[in-house]
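Participant: turn this into a structure:
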Amino acid sequence: MISNSKDFKIKGISVLNPVDVEKDYLDFTVRYAIEKEFNHFQLIGPIHHPVKGNIDGMTLYKKYKVFNSEKDKKYIKNCLEWVNPALEKLKAAKIKSYMWHHELEIPADFGSRYPQIVNEHGEIEITCPEIKDFLENKISDFFDAYPCFDGIILTLHETRVPLLKLKHQKLGKIERVKYITAILHDTCKKLGKELIVRPFASLEEDNILMLKAFEEISPDMVVMEKWTQFDWSLTMPDNPFLKQIKNNPLLIESDVFGEYFGKGRLPIMLDEHIKHKFEYCNSLSPVGYVARIDRAGRSPFGDVNEVNLEVNDALTHGKDADKAASDFFKNKYPLCPQEMYGIMSMTESILKRTIYLKGYYYSQQSMFPTLNHCKNHFYFEMMKDNFDICSGEWFIPENWNRGSMQSVFEEKESAVKDAKFALDKLLSLKEKIVPEEFNKLTVKFKNLLYTTKIWKALTFVFYNYVNYFEHLENNDKKSKYLDGYKNALSELSALRETAIEDLHDDFYCMAGDSMGGSSKFDYIDSFIKEMNENFEAENKAFAELKKKNLTDFIVCGSADEGHKIKKEVNFSDTLIYNGEPCRICGNLKGADWSTVKAHGWFGYELKIKPDAYNTLNFTVGSLDGKIDMTINIEGTIIRINEKCKGKKTVPFVLLPSKKDRIYVRFDRLTEHTPLVYTVEVL
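Facilitator: Prediction:
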């Protein structure tokens with residue numbers, strides 16, 4: 001039983017996530033918030049854009065006007081003209097409004113103009129008085145420009161200066177979080193505004209220290225946390241971090257749009273999911289809920305997926321969620337409400353069996369995954385008979401049990417079968433649904449069927465690829481898996497062509513995403529090209545190492561990397577560099593938004609000969625001609641800090657011991673991006 005939620009102090013929505021402010025949609029969502037009697041409204045905007053994002057992107061500085069040359073003046077002018085009238089309407093309806101903001105953000109040229117803030121390691125020293133003064137002034141400038149905003153929603157991640165990733169600071173992690181947050185909190189308070197904080201921490205230790213810092217600043221400061229642990233996946237557990245918030249008001253952030261399960265382009269009804277999350281979160285006595293209702297320029301309004309907004313609205317306001325869903329279908333499809341309710345009731349299960357594998361996250365923000373993502377999240381490793389996944393990343397369910405590969409194939413086939421049934425059922429209702437709506441539904445359910453077939457083919461690509469490398473010394477099996485790999489890629493390509501011919505730009509796997517910076521991108525075609533390039537490079541690398549009769553070896557960044565790899569969440573990419581596979585201590589995409597690139601590590605478990613000398617050879621390189629990294633071999637640390645063109649081999653002799661396995665770890669130290677190609681045990 002869902003407890004009565006009429007007593008929630010905060011009943012909110014967040015909009016324009018994460019895209020440019022658009023007048024018509026902003027006005028529409030303001031009217032929606034007023035009509036549905038919400039009392040809290042969050043504007044997200046293009047938070048990841050280096051120029052338009054955050055409060056910096058919609059404000060002209062006064063004291064620091066020298067940096068206004070970096071800004072998009074037209075975008076700021078539009079925001080001033082469009083946002084303020086919208087805020088006035090919200091204020092008149094007694095709805096509080098907030099702007100999303102990430103810190104620490106400084107202008108790109110700030111360190112050059114104020115060199116005293118850059119320490120000897122090339123990092124911004126956050127305790128310099130110029131940083132505090134800049135933060136205080138830009139917050140004041142923001143509220144001067146947008147006086148009706150009631151406050152800011154603060155996230156301390158995904159920024160030019162990543163507070164928790166800095167390695168050379170006067171303050172430890174908890175103190176630097178407290179220092180920066182207190183500046184913003186105190187400045188807002190002086191201006192009569194509110195600061196709401198989002199921990200958004202991927203590591204539990206970071207979450208704990210951030211909560212401690214927030215509590216020490218003020219027990220009245222509202223903490224907003226997601227209702228799923230880490231991120232927006234249907235397989236993520238109920239967020240246990242919520243229980244750590246004991247002395248600050250807890251605000252629940254939810255996603256009722258489908259950010260990681262279709263992005264609105266696939267049919268999805270989340271009524272059971274949403275009801276379960278409300279029941280769990282209500283037990284923790286939150287002050288309220290804020291629901292994300294759109295993503296990447298798409299929304300469910302006027303769409304069958306709008307049923308999720310109706311369910312969320314009902315639960316937020318203490319009403320009957322089942323009745324809300326039923327009423328939605330009666331109003332939208334009056335000639336076939338029960339049939340449409342039944343078809344949509346299948347969609348969550350179908351998608352779980354498609355973009356998850358036995359409960360394991362098996363996608364990339366629910367779009368078709370890139371090859372780097374597949375390698376980073378073990379999609380090849382999980383296809384082995386004796387898979388070994390131990391990274392501890394958030395996409396791995398606790399005590400995950402894959403079962404047999406046959407059961408995996410059956411899961412994918414069952415999703416295809418049910419998606420076909422749902423589409424056929426929809427097509428039988430053609431005369432009962434108005435033509436325009438029927439056409440929209442047909443595109444959605446065709447996409448669902450194509451998606452299930454594509455992920456089935458993708459599974460066979462991974463399975464045959466990794467098993468080819470697992471059986472390099474068995475010519476019969478090697479040939480069998482090579483044929484299987486080529487056939488699966490051909491099937492994937494054929495499905496892509498058929499779907500594009502049928503749906504054109506409406507095909508799900510052709511859709512761009514604002515995070516990708518493109519409105520149109522052919523995911524599958526790019527993936528196939530990458531797979532073929534990687535197969536050639538990895539096959540060559542494995543063949544060369546197999547000749548050496550080594551005790552153990554790793555082709556780093558390959559699909560058959562294995563070796564119980566551990567790595568920093570989201571900060572260890574793979575790459576084909578000059579025709580050779582390698583792994584990076586760090587995140588290539590992160591270079592676009594972070595001035596500090598000194599984060600990133602990964603490590604492996606290696607087999608060695610006990611009671612014998614073992615020589616380890618590490619082949620390393622750099623993206624920019626200089627290597628600056630450490631290699632940690634069971635506590636012995638090798639520092640490599642030198643110019644390097646191409647590759648170099650670093651040997652290490654391991655003294656005899658009783659061990660038959662050791663662990664090695666690679667750490668990035670500065671802005672130079674190290675590459676690790678191979679590890680050999682002689």
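
Participant: every contact and neighbour count from this point should use C-alpha atoms.
Facilitator: Noted.

Participant: by mean pLDDT, flag the weakest helix or strand of this protein.
Facilitator: One helix or strand of the chain scores below all others by mean pLDDT, DSSP states H and E: strand 518-520, with a mean of 53.

Participant: which element follows that strand toward the C-terminus?
Facilitator: Stepping forward along the backbone from strand 518-520, the first helix or strand reached (DSSP states H and E) is helix 523-546.

Participant: which strands or helices does the helix or strand hosting residue 476 pack on?
Facilitator: Residue 476 is part of helix 475-503 when elements are defined by DSSP H and E. Packing partners of helix 475-503 (3 or more C-alpha pairs under 8 Å, 6 or more residues apart in numbering; DSSP states H and E): helix 435-470, helix 523-546.

Participant: pLDDT of that helix, averaged?
Facilitator: Across helix 475-503, the average pLDDT comes to 97.

Participant: over to stretch 161-180?
Facilitator: For stretch 161-180, the mean per-residue pLDDT is 90.

Participant: also stretch 313-321?
Facilitator: Along stretch 313-321, the predicted local confidence has a mean pLDDT of 96.

Participant: can you list the helices and strands packed on helix 475-503 in CSV and add distance to residue 97 and mean pLDDT?
Facilitator: Shown next, in CSV, are these (distance: least, C-alpha to C-alpha, whole Å; pLDDT from 0 to 100):
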stretch, distance to residue 97, mean pLDDT
helix 435-470, 33, 97
helix 523-546, 37, 95
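
Participant: closest to residue 366 out of the ones you listed?
Facilitator: Smallest distance to residue 366 across those (C-alpha to C-alpha): 10.4 Å, for helix 435-470.

Participant: list the buried residues of the closest one.
Facilitator: Of the residues in helix 435-470, those buried by neighbour count under the rule 16 or more other C-alpha atoms under 10 Å are 438, 441-470.

Participant: check stretch 636-656 too.
Facilitator: By neighbour count, with 16+ other C-alpha under 10 Å as the criterion, the buried positions of stretch 636-656 are 640, 648, 654.

Participant: mind listing which of those are in strands?
Facilitator: Secondary structure of the buried residues of stretch 636-656 is defined by DSSP state E; positions in strands are 640, 648, 654.

Participant: which of these sits closest to residue 482?
Facilitator: Within the set of these, residue 648 lies nearest residue 482; the separation is 32.4 Å, counting by C-alpha to C-alpha.

Participant: test my guess that that closest one contacts residue 619.
Facilitator: Yes: in terms of C-alpha atoms under 8 Å, residue 648 counts as a neighbour of residue 619; the distance is 5.6 Å.

Participant: on the three-state scheme, residue 605 is what?
Facilitator: For residue 605, the secondary structure call by DSSP: H, G, I helix; E, B strand; the rest coil comes out as strand.

Participant: and for it, nearest residue in space, chain neighbours not counted?
Facilitator: When the adjacent residues along the chain are set aside, residue 605 lies closest to residue 663, with 4.5 Å between them (C-alpha to C-alpha, 6 or more residues apart in numbering).

Participant: tell me which element residue 413 is part of?
Facilitator: Using DSSP H and E, the secondary-structure element containing residue 413 is helix 405-427.

Participant: that helix vs helix 435-470, what angle?
Facilitator: 170 degrees (axes from the mean of the first three to the mean of the last three C-alpha atoms, to 10 degrees).

Participant: helices or strands up against helix 405-427?
Facilitator: Packed against helix 405-427, as judged by 3+ C-alpha pairs under 8 Å, 6+ apart, are the following elements: helix 337-345, helix 347-352, helix 435-470.

Participant: could you list the buried residues of stretch 389-405?
Facilitator: Neighbour-count burial for stretch 389-405 [16+ other C-alpha under 10 Å]: 389, 391, 393, 394, 395, 396, 397.

Participant: quick one: low-confidence parts of this structure?
Facilitator: Scanning the chain with the threshold set as pLDDT under 70 gives 1-6, 511-520, 570-571, 589-599.

Participant: any idea which residue sits dead centre in the chain?
Facilitator: For the chain, residue 365 is the residue whose C-alpha lies nearest the centre (C-alpha atoms, centre = their mean; 6.2 Å).

Participant: got a list of what the residue nearest to that residue when sequence neighbours are not counted touches?
Facilitator: Nearest-residue entry for residue 365: residue 260, 4.5 Å, with adjacent residues in sequence omitted and distances by C-alpha to C-alpha, 6+ apart. If a contact means C-alpha atoms under 8 Å, 6 or more residues apart in numbering, then residue 260 has 232, 233, 234, 364, 365, 366, 367 as its contacts.

Participant: any figure for the gap between residue 260 and residue 194?
Facilitator: Using C-alpha to C-alpha, to the nearest Å, we find residue 260 at a distance of 30 Å from residue 194.

Participant: before we move on, what about residue 431?
Facilitator: If you go by C-alpha to C-alpha, the gap between residue 431 and residue 194 works out to 53 Å.

Participant: higher neighbour count, the two?
Facilitator: Between residue 431 and residue 194, counted using other C-alpha atoms under 10 Å, residue 194 has the larger neighbour count: 21 against 11.

Participant: beta-bridge partners for that one, please?
Facilitator: Beta-bridge pairing for residue 194 (DSSP bridges): residue 151.

Participant: who's in contact with it?
Facilitator: Residues in contact with residue 194, defined by C-alpha under 8 Å, 6+ apart, are 150, 151, 152, 185, 188.

Participant: top of the residues you listed by neighbour count?
Facilitator: Neighbour counts for the contacts of residue 194 were taken using other C-alpha under 10 Å; the highest belongs to residue 152, with 26 neighbours.

Participant: returning to that earlier point: go through the contacts of residue 194 and name the one nearest residue 211.
Facilitator: residue 185 (14.4 Å).

Participant: test my guess that the closest one contacts residue 195.
Facilitator: Yes: taking C-alpha under 8 Å as the contact criterion, residue 185 and residue 195 are neighbours in contact, 5.7 Å apart.

Participant: now residue 251. Nearest residue, chain neighbours left out?
Facilitator: Spatial nearest neighbour of residue 251, excluding adjacent residues (C-alpha to C-alpha, 6+ apart): residue 224 at 4.5 Å.

Participant: tell me the phi and psi of that neighbour?
Facilitator: Geometry field for residue 224 lists phi and psi as phi -100, psi 120, criterion degrees, to the nearest 10.

Participant: what about it, how many residues nearby?
Facilitator: Once other C-alpha under 10 Å is used to define contacts, residue 224 is seen to have 28 neighbours.

Participant: can you check residue 79 too?
Facilitator: 21.

Participant: about what we covered before: and the residue nearest to residue 605, helix, strand or coil?
Facilitator: When states are read from three-state DSSP, the local structure at residue 663 comes out as strand.

Participant: close enough to count as contact, it and residue 634?
Facilitator: Yes: when contacts are counted by C-alpha under 8 Å, residue 663 is listed as touching residue 634 (5.9 Å).

Participant: okay, the two: which has more neighbours?
Facilitator: Set side by side, residue 663 and residue 634 show more neighbours around residue 663, with 16 against 11, by other C-alpha under 10 Å.

Participant: quick check: end-to-end length of stretch 341-350?
Facilitator: Distance across stretch 341-350, first residue to last, is 15 Å (C-alpha to C-alpha).

Participant: list of residues touching it?
Facilitator: Surrounding stretch 341-350, the residues in contact under the criterion C-alpha under 8 Å, 6+ apart are 267, 268, 269, 270, 326, 329, 415, 418, 419, 422, 425, 426.
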